[in-house]
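>>> structure, please.
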Amino acid sequence: MYDVIVVGARCAGASTAMLLAQKGYKVLLIDRMRFPSDVPHGIFLHRHGPQRLQRWGLLGQVEATGTSPIYTLLTDYGDYPMIGLDLQSNGVAYAYAPRRFALDPILVDAAIAAGAEFREGFAVDDYLMQGGRVEGIRGRDLGAHRVLTERARLTIGADGRNSRLARAVGAATYLATPPLTCYYFSYWSGVQASGLEMYHRPGRLIIAHPSGGGLTAVLAVWRHEEMNVFRNDLEGNYLRSLDLAPDLQERVYQGRREERIYGIGDLPNFVRQPFGPGWALVGDAGCSKDPYLALGICDAFRDAEYLADAVDGGFSGTGSLDNALREYECCRNAAIRVDYDTNIQYARLLPFPREVMRLRAAMRGQPELINQFYRAEEGLIPRDEFFDPHNLRRILGRSRVPA
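Numbers count the residues shown, from 1 in each chain. Predicted coordinates for the structure are as follows:
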């Protein structure tokens, strides 16, 4: 009998298992994959993510995999390349982009070091239910072909947006928006990219950033309804997308593509009720978002902390588990709501509102203002330090940008 079974050992699941094991709970962490293994997902980690890795004592291990810190951010909305430099907080860079075959094992090893039991190559076939309550799992060791049953006080699904646990318990979904984009990307050598670069054009988005091993990730993003068109000439459309960012295109053509072109189009946006009798959800299983703002990994880390604290509160007797998990849902929703809506707005790949373009124009040629803007956007300083209405009026009022 375990205190907690965590299904899914990627960023959300391994982090949750680690934090609960550190609190002294008996935790079983399982995943049908074997580690290390890659997943064709986004790898950009920013905002509060690097700070959490630092606090957990894992950031040095991430850097040791050959993943360099990222301090530079460039956005171009068809107006000009607006560059922020030396973006960091307390000596920690604002972003990293570790490959998942490097990051995920670090988190799993940290969970094991904290006392969690880990089973890889283990597939869940069913969830044990008694009187509407989840009491554990039934699954198979894919190597030994053994069927095993395990029970727990709480079963946590960290099994992604297509969560089997969420389906089994009928977790309610709200704030749903169908897929808006499709992403195609690969990894290149010999491409100079000092930081994150985003080139937003109506209906298109081009992204480049460093990743591990000296490679650069280059992504082409189209609207979801054009996915079949993109697939009809995968490599040609991928390369032609770079026409929208000529400077990046020149650098990419000087390099060499080292891996195949990966693609993903099943990117629904939704929020799920993340708890019920004997179960909870974390990460993409509880909230799935388009990758535009790259919130997946950093939000998984944050929600793992929220959930681990809630479970500890419920198990330790300071309050009921149901009330603690209800508070977990409230905290998560409060943390995501503004970003969730903004992310959907941006992922529609529409022209940016006039007020956004006016502000960018007003900051042109003023690197300190641009840095302050990006620091606020990235959460390195309180947002009100920049986005206070008085400050925005001051910036716009002293510019020569027409209203």
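>>> neighbours around Met1, how many?
When neighbours are counted by other CB atoms under 10 Å, Met1 registers 9. For glycine as for every other residue, the C-beta is placed from the backbone atoms N, C-alpha and C.
>>> apologies, that question was intended for Arg146.
Neighbour tally, Arg146, other CB under 10 Å: 10.
>>> let me know the distance separating it from Leu175.
41 Å (CB to CB, to the nearest Å).
>>> Met82 too?
Applying CB to CB to Met82 and Leu175 gives a distance of 30 Å.
>>> what about these two, which has more around it?
Taking Met82 and Leu175 together and counting by other CB under 10 Å, Met82 has the greater number of neighbours (19 against 15).
>>> in the sheet, who's paired with that one?
Using DSSP bridges, the beta-bridge partners of Met82 come out as Thr75.
>>> is it in contact with Ala361, as I believe?
No. Counting by CB atoms under 8 Å, Met82 sits too far from Ala361 to count as a contact (9.8 Å).
>>> need the contact list for the closest residue to Leu103 other than its chain neighbours.
Nearest residue to Leu103 in three dimensions, chain neighbours excluded: Val62, at 6.4 Å (CB to CB, 6 or more residues apart in numbering). By CB atoms under 8 Å, 6 or more residues apart in numbering, Val62 lies in contact with 53, 96, 98, 102-103, 106.
>>> one more pass at 7 Å, please.
By CB atoms under 7 Å, 6 or more residues apart in numbering, the contact set of Val62 is 53, 96, 98, 103, 106.
>>> so which other helices or strands are in contact with the strand or helix carrying the fourth one?
Looking back up the chat, that one is Leu103. Element membership of Leu103 [criterion: DSSP states H and E] is helix 100-114. Counting contacts by 3 or more CB pairs under 7 Å, 6 or more residues apart in numbering; DSSP states H and E, helix 100-114 is packed against helix 11-22, helix 59-64, strand 117-120.
>>> Glu258 is nearest to which of these?
Among these, the nearest to Glu258 by CB to CB is helix 59-64 (20.9 Å).
>>> please identify the buried residues of the closest one?
Residues 59, 61-63 are the ones in helix 59-64 that count as buried (16 or more other CB atoms under 10 Å).
>>> for that helix, what does the pLDDT average out to?
Helix 59-64 shows a mean pLDDT of 97 in the predicted model.
>>> quick one: that helix to chain centroid distance?
18 Å (CA atoms, centre = their mean, to the nearest Å).
>>> before we move on, what about stretch 59-79?
14 Å.
>>> start to end distance for that stretch?
36 Å (CA to CA, to the nearest Å).
>>> and if you look at stretch 124-139?
Using CA to CA, the two ends of stretch 124-139 sit 4 Å apart.
>>> quick one: the helices in the stretch 201-350 of the chain, in order.
Taking DSSP state H, counting those that start in this stretch as the test, the helices found in the stretch 201-350 of the chain are 227-232, 234-241, 246-253, 296-315, 321-347.
>>> state the pLDDT value of Gly8.
98.
>>> sketch out the low-pLDDT regions of this structure for me.
Flagging of the chain using pLDDT under 70 yields the residue ranges 398-403.
>>> quick check: domain ranges of it?
2-40+99-173+270-347, 181-264, 354-397 (automatic domain parsing).
>>> distance of the residue nearest to Leu73 when sequence neighbours are not counted from Pro291?
Distance criterion CB to CB, 6+ apart; nearest residue to Leu73, sequence neighbours excluded, is Gly84 at 4.5 Å. To Pro291, Gly84 is 21 Å away according to CB to CB.
>>> likewise His48?
17 Å.
>>> quick one, what contacts the most centrally placed residue in the chain?
Nearest to the geometric centre of the chain sits Gly296, at 1.5 Å (CA atoms, centre = their mean). By CB under 7 Å, 6+ apart, the residues touching Gly296 are 42, 284, 289.
>>> out of these, which comes closest to Pro274?
Distance ranking of the contacts of Gly296 against Pro274, using CB to CB, places Asp284 first at 11.3 Å.
>>> tell me who's in contact with the residue lying closest to the closest one once chain neighbours are set aside.
Distances taken as CB to CB, 6+ apart put Arg161 closest to Asp284, at 4.5 Å, once the chain neighbours are dropped. Residues near Arg161 by CB under 7 Å, 6+ apart: 268, 284-285, 288.
>>> nearest to Lys26, of those residues?
Nearest to Lys26 among these, with distances taken as CB to CB, is Ala285, at 21.9 Å.
>>> test my guess that the closest one contacts Asn162.
No. Proximity of Ala285 to Asn162 does not meet the contact threshold set by CB atoms under 7 Å, at 8.5 Å.
>>> the more surrounded of those two?
Ala285 (28 against 12).
>>> run a quick neighbour tally on the closest residue to that one other than its chain neighbours.
Spatially, and ignoring its direct neighbours in sequence, Ala285 is nearest to Ser163 (3.8 Å; CB to CB, 6+ apart). Using other CB under 10 Å, Ser163 is surrounded by 23 other residues.
>>> gap between Ser163 and Thr16?
From Ser163 to Thr16 the distance is 14 Å (CB to CB).
>>> also Pro69?
With CB to CB as the criterion, Pro69 and Thr16 are 26 Å apart.
>>> related to what we said a few turns ago, quick one, phi psi at the residue nearest to Asp284?
Here is the backbone geometry of Arg161 (degrees, to the nearest 10): phi -60, psi -20.
>>> number of nearby residues for Ile106?
Ile106 has 20 nearby residues by other CB under 10 Å.
>>> and if you look at Arg204?
18.
>>> against Arg337, how distant is the residue lying closest to Asp312 once chain neighbours are set aside?
Distances taken as CB to CB, 6+ apart place Lys23 nearest to Asp312, at 5.0 Å, with adjacent residues excluded. From Lys23 across to Arg337, the span is 28 Å (CB to CB).
>>> alright, calling it a day.
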